[in-house]
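K.L.:
following is a predicted model, sequence given first.
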Amino acid sequence: MSKIKQQLINVVIILLLAGWITTCTKKEIPKPYGAIPSERQLIWHDMKYHAFIHFGPNTFTDMEWGHGDESPDVFNPTALDCQQWAKVIKEAGMKGVIITAKHHDGFCLWPSEYSAHTVRESRWRDGKGDVLKDLSDACREYGIKFGIYISPWDRNHPTYFTDEYNNVFKKMLEEVLTNYGEVYYVFFDGAFSVGPDGKRQEYDWAGFTEVVRKYQPNAVIFSDGGPDIRWIGNERGYAAETNWCTVKKGAFYPGISGVNDQLQTGHEDGELWIPSEVNTSIRPGWFYHKQEDDRVKSLNRLIDNWYHSVGMNGNFLLNLPPDTRGLIHENDIKRLLELKKYLDEAFALNLAEEASAKATNSRGKAFSATKAIDGDPETYWAAEDDISSVSLELDLGKPIEVNAVLIQEYIKLGQRVKSFAIEAFFDDNFTEVATGATIGNRRIVKFNPLTTQKLRINITAKACPLISYIGVYRVQDLLEGAAHGN
């Protein structure tokens, strides 16, 4: 055989092998299942924890919902410092902040051209101040994301209850979305009032969404019905044990009532990806009230909120109401930093990093059980297509005390897990120590401290499960009992 002919044969063989490998790889890659997240939703999922800022005339009138008839002059913070806010938020480990640019009273924290009830009409900084500018500048300096809450309800504006008002609101939206740099989050409140003749303002939600998409296409939009993020159905800071990122088309809309249980759980067979934001305030109220200075939530309560939000397939949106000085209060800062210290210590050491892993099923080497513990969020353990019940076993290398497991699905291809159980190896047998329902982006399961060398996770899913991360920890016990409620 000539040398040239042999070389040609070798090339053909190489090409055939390359095609075979490519075909096999494509065959191994799981197909998406059901609804999947957008890129902006994935960025939100990764953030985990961010700050809410309620600030405005209510801060000075000692109210929660202002009537819109207050004088703009009541807004007069004596030492407003958004740099302090941003510094505190950064040190607390939060990735972004959302400020009440306009609450229900209609007062605008920026000098809007479409309202006469704004910082421009106040005595603060002789009417030349702009809270949104101060905060967005501070966010850029400290490397945190800037978001806005803007209520369509306006108890001050003369066009409210008319068709013209929707256009006014769109113009306000355009102002806050074009004058302050990148906006990562737009929070729509669905609250409304009914006029004396029973008339109700019909909000143009589709038009509002269109404005956001036009000027800030990467921003997620929150409301009771999304379209990107949904409310969890309570303001206590607790997600449900079952928490699907998916919801049915038309099931929710801004201002909906009577479906709080469904908002908490989502829908297993939902066609839309609209995950949950879990919000609460560090104090009983959303706006600052001096009488609440000694009623800041306990460290235990905040730890419990964190496990029931970030640890329950949601994000944690914690409200920090600035005081009449325009500063985050010292008591709030102290508690925030205590929470940060707890979390840093609790999750400093992942005991699964040096573990070995095996599974009852996987779809090939590229999706083996070790991919769930390799620390790479873009790799994952995957079972074959026809497998919906499967187990993964971790060997920690030696007996060690543990009491928490963190599990993450590869949500880029959908949410699949319906239930799971965690077992620990004792006396030559595996014994169940914890169970759970959905996993989704992130699920943290705590159980009584135990010493074991092996853990097994048994999973039941709607389609072949894809697990991108498993962490094992010995987290600190709570300092005291952590009760639900304020």
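P.N.:
Nice, thanks for sending it over.

K.L.:
going forward, measure contacts and count neighbours with C-alpha atoms only.
P.N.:
Noted.

K.L.:
which stretches of this structure form helices?
P.N.:
In the chain, the segments counted as helices under DSSP state H are 3-28, 39-47, 57-61, 82-91, 131-142, 163-178, 205-215, 260-265, 299-307, 330-346.

K.L.:
distance from the chain centre to the fifth one, please.
P.N.:
Looking back up the chat, that one is helix 131-142. Relative to the centre of its chain, helix 131-142 is centred 21 Å away, using CA atoms, centre = their mean, to the nearest Å.

K.L.:
residues in contact with it?
P.N.:
Contact with helix 131-142 is made by 82-83, 86-87, 90, 101, 109-110, 145-146, 180-181, as judged by CA atoms under 8 Å, 6 or more residues apart in numbering.

K.L.:
for Leu327, state which of those residues is nearest.
P.N.:
In terms of CA to CA, no member of the contacts of helix 131-142 lies closer to Leu327 than Cys82, at 7.7 Å.

K.L.:
residues contacting Glu354?
P.N.:
Listed by CA under 8 Å, 6+ apart, the contact partners of Glu354 are 396-397.

K.L.:
any idea of the mean pLDDT in the strand ranked longest in the chain?
P.N.:
Counting residues, the longest strand in the chain under DSSP state E turns out to be strand 389-409. Mean pLDDT, computed over strand 389-409, is 97.

K.L.:
buried set for it?
P.N.:
Going by neighbour count (16 or more other CA atoms under 10 Å), the buried part of strand 389-409 is 389-396, 402-409.

K.L.:
so which of those residues is the closest to Glu39?
P.N.:
Nearest to Glu39, judged by CA to CA, of the buried residues of strand 389-409 is Glu409 at 16.3 Å.

K.L.:
gap between the nearest residue in space to the closest one that is not next to it in sequence and Val445?
P.N.:
Counting by CA to CA, 6 or more residues apart in numbering, Ile467 is the residue found nearest to Glu409 once chain neighbours are left out, at 4.4 Å. The spacing between Ile467 and Val445, counted by CA to CA, to the nearest Å, is 15 Å.

K.L.:
of these two, who's got more company?
P.N.:
More crowded of Ile467 and Val445, by other CA atoms under 10 Å: Ile467, with 28 against 20.

K.L.:
re the thing from before, could you single out the most deeply buried of the helices of the chain?
P.N.:
With neighbours taken as mean count of other CA atoms under 10 Å, the helices of the chain reach their highest mean count in helix 57-61, at a mean of 23.

K.L.:
pLDDT (mean, whole number) over that one?
P.N.:
On average, helix 57-61 scores 98.

K.L.:
any idea what the spatially closest residue to Lys446 that is not a sequence neighbour is bridged to?
P.N.:
Leaving aside its sequence neighbours, Lys446 sits nearest to Ala404 (CA to CA, 6+ apart; 4.3 Å). Taking DSSP bridges as the rule, Ala404 bridges to Lys446, Tyr473.

K.L.:
tell me who's in contact with Ala404.
P.N.:
Residues counted as contacts of Ala404 (CA under 8 Å, 6+ apart) are 444-447, 472-475.

K.L.:
which of those are buried?
P.N.:
444-446, 472-475.

K.L.:
pick the one among these closest to Ile274.
P.N.:
When the buried ones among the contacts of Ala404 are ranked by distance to Ile274 (CA to CA), Ile444 comes first, at 20.5 Å.

K.L.:
per-residue confidence at the closest one?
P.N.:
What the model reports as pLDDT for Ile444 is 98.

K.L.:
quick one, domains of this structure?
P.N.:
The chain resolves into domains spanning 39-346, 356-473 when parsed by automatic domain parsing.

K.L.:
how far does the first one stretch from one end to the other?
P.N.:
Across domain 39-346, the straight-line distance between its terminal residues is 30 Å, by CA to CA.

K.L.:
pLDDT on stretch 277-294, on average?
P.N.:
Stretch 277-294 carries an average pLDDT of 98.

K.L.:
buried stuff in that stretch?
P.N.:
For stretch 277-294, the buried set under the neighbour-count rule, 16+ other CA under 10 Å, comprises 277-289.

K.L.:
give me the contacts around it.
P.N.:
Applying CA under 8 Å, 6+ apart, the external contacts of stretch 277-294 come out as 54-55, 58-59, 62-64, 229-232, 234-239, 295-297, 302, 309, 314-324, 331-332, 486.

K.L.:
just the CA trace of that stretch, in PDB.
P.N.:
Extracted in PDB, the C-alpha atoms of stretch 277-294 (Å, rounded to 0.1, in the frame of the first residue of the first chain):
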ATOM      1  CA  GLU A 277     -38.700  36.400  45.200                       C
ATOM      2  CA  VAL A 278     -38.900  36.000  48.900                       C
ATOM      3  CA  ASN A 279     -39.200  39.400  50.600                       C
ATOM      4  CA  THR A 280     -39.400  40.700  54.100                       C
ATOM      5  CA  SER A 281     -38.300  43.700  56.200                       C
ATOM      6  CA  ILE A 282     -35.600  43.700  58.800                       C
ATOM      7  CA  ARG A 283     -38.100  45.600  61.000                       C
ATOM      8  CA  PRO A 284     -41.900  45.100  61.500                       C
ATOM      9  CA  GLY A 285     -42.600  48.000  59.100                       C
ATOM     10  CA  TRP A 286     -41.300  48.700  55.500                       C
ATOM     11  CA  PHE A 287     -40.600  52.300  56.200                       C
ATOM     12  CA  TYR A 288     -38.600  53.600  59.100                       C
ATOM     13  CA  HIS A 289     -40.300  54.200  62.400                       C
ATOM     14  CA  LYS A 290     -38.300  55.400  65.400                       C
ATOM     15  CA  GLN A 291     -40.300  53.200  67.800                       C
ATOM     16  CA  GLU A 292     -39.000  50.100  65.900                       C
ATOM     17  CA  ASP A 293     -35.400  50.800  66.600                       C
ATOM     18  CA  ASP A 294     -35.400  48.100  69.200                       C
END
